[in-house]
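**Q** Need coordinates for the below:
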Amino acid sequence: LGWAAWKTYVGQPETNTSRGLAMGVLGGALRGTPEEALPVLEASLALVRRYWWRDERYLLTAQASLGSCLTSLARHDEALVLKREVYATCKATLGISHERTLTSGSNLSISLCALWLWDEARSLLRDPMLPAARGSLGADHDLTLKISKSLATALVNHSERTRDDLRLVQLNQGSVHDRFDLNTGDDVLEADNIMQGVVQRRRRVFG
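**A** Below you'll find the predicted structure:
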């Protein structure tokens, strides 16, 4: 479908909206092979910034897609820049409780944890994101559970963690693993990789 859409519009001028959308569709279709998707998504974002920068949703989608691709390639520093922009824009325009804002914040936290920026990740996830997710989506929503999982990573690894932090991890960890649905987006696989050592660290802490 991605290639079919691109072949349909590739001969159109760069300013043709359908051509631009087709490039984004192609990039999305190639997400299973991020090395191939990367140049397409980079070109797509460049075109959006050049011709459709006033279309905020279009721009955010292009930024988020490229950020996710960079995460898949473990290029976390570059992904972090894009994810910060997406989260800041969503928060300013939609509010912290909007699902799109919470999704972008969750994706941002994945890169923060991957870069060991535990303090910023903890501050982002503990307040405002987790309370906002519980209030607007509910405690059992997949995205709320994903945020809880990332918060556990940040709390366990933070150098200034407290016993209350660790108790919170211990209380939440079982329920997150019991109920967490893995079909919540590409970045969840990155979250699982980051979380692999959490249980072992918790055992060392609690004995």
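**Q** and residue 140, which of the three is it?
**A** For residue 140, the assignment made with DSSP: H, G, I helix; E, B strand; the rest coil gives coil.
**Q** measure it to residue 134 for me?
**A** For residue 140, the distance to residue 134 equals 10 Å [Cβ to Cβ, to the nearest Å]. Bear in mind the C-beta positions are built from the backbone N, C-alpha and C, glycine included.
**Q** if you count what's nearby, which of those two comes out ahead?
**A** residue 134 (15 against 10; other Cβ atoms under 10 Å).
**Q** What strand or helix carries the more buried one?
**A** For residue 134, the host element (DSSP states H and E) is helix 130-136.
**Q** do residue 20 as well
**A** Counting by DSSP H and E, residue 20 is found in helix 17-29.
**Q** So which bits of whichever helix or strand comes after that helix are buried?
**A** Per DSSP H and E, helix 17-29 leads on to helix 34-51 as the next helix or strand towards the C-terminus. Buried residues in helix 34-51, counted by 16 or more other Cβ atoms under 10 Å: 34, 37-38, 40-41, 43-45, 47-48, 51.
**Q** Need the contact partners of helix 34-51.
**A** Contacts of helix 34-51 with the rest of the structure, by Cβ atoms under 8 Å, 6 or more residues apart in numbering, involve 14-15, 20, 23-24, 26-28, 30-31, 55, 58-59, 62-63, 65-66, 69-70, 72-73.
**Q** Then stretch 125-134?
**A** Applying Cβ under 8 Å, 6+ apart, the contact partners of stretch 125-134 are 96-97, 102, 105-106, 109, 141, 143-144, 147-148, 150-151, 154-155.
**Q** With distance to residue 121 and pLDDT added, can I get the buried residues of helix 34-51 in TSV?
**A** Formatted as TSV, the buried residues of helix 34-51 follow (distance: Cβ to Cβ, whole Å; pLDDT from 0 to 100):
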residue	distance to residue 121	pLDDT
34	23	95
37	26	93
38	25	96
40	30	93
41	25	94
43	31	93
44	28	93
45	25	95
47	32	93
48	28	94
51	35	93
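**Q** Format these as CSV; extra columns: distance to residue 79.
**A** Listed next are those as CSV, based on distance: Cβ to Cβ, whole Å:
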residue, distance to residue 79
34, 11
37, 13
38, 11
40, 16
41, 12
43, 17
44, 16
45, 13
47, 20
48, 17
51, 24
